[in-house]
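Return atomic coordinates for the entry below.
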Amino acid sequence: MVYGFDIKVEFYDEDKYFWVQAESLAAAALLADQAAQVGDTATEARYWNDYDRLWAYSWDHFVDHKWGAWYRILACDNTKYSNNKSSRQRVQSSPAESSRQRSTIIPWAHAMKY
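Numbering: from 1, shown residues only. So this is what the prediction gives:
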């Protein structure tokens with residue numbers, strides 16, 4: 001997921017930032033939860049599917065499986081620019097906060113897949 005696009009709906013920043021993925025994960029989980037609360041199972045399933053696909057993508061490309069943490073920025077082809085990880089402040093405010101939000105709503109069975 002790229003950072004943004006312009007009024008012509010063309011990407012103006014094709015780099016991929018870790019915090020965009022983290023916040024999108026939280027949004028998908030929150031939307032799935034809201035759909036479940038109103039009994040819309042089709043929409044709930046759609047958002048959990050979005051969540052699963054984005055988590056799999058993030059796990060494959062953003063997470064440093066050897067040393068931990070998320071790579072800060074990837075190029076549009078998913079190559080990393082460097083081994084730099086996100087700053088401590090940003091880590092605390094995005095993936096950690098997104099994880100906190102998700103942990104309050106993700107059903108145990110769904111979370112166990114990871």
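
all strands in the chain, in order from the N-terminus.
Shown for the chain, the strands assigned by DSSP state E span residues 4-5, 11-13, 16-17, 73-74.

Can you tell me which of those is most buried?
Between these, strand 16-17 has the highest mean count of neighbours, a mean of 22, where neighbours are mean count of other CB atoms under 10 Å. Just so you know, the C-beta spots here come from the backbone N, C-alpha and C atoms, and that holds for glycine as well.

isn't Glu44 right up against Ala28?
No: Glu44 is beyond contact range of Ala28, at 10.7 Å (criterion: CB atoms under 8 Å).

Make CSV out of the strands of the chain and add mean pLDDT and distance to Ser82.
What follows is these, written out as CSV (pLDDT from 0 to 100; distance: least, CB to CB, whole Å):
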stretch, mean pLDDT, distance to Ser82
strand 4-5, 73, 22
strand 11-13, 78, 17
strand 16-17, 90, 14
strand 73-74, 93, 8
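
one step back: between Glu44 and Ala28, which has more neighbouring residues?
When neighbours are counted by other CB atoms under 10 Å, Ala28 comes out ahead of the other of Glu44 and Ala28, with 21 against 18.
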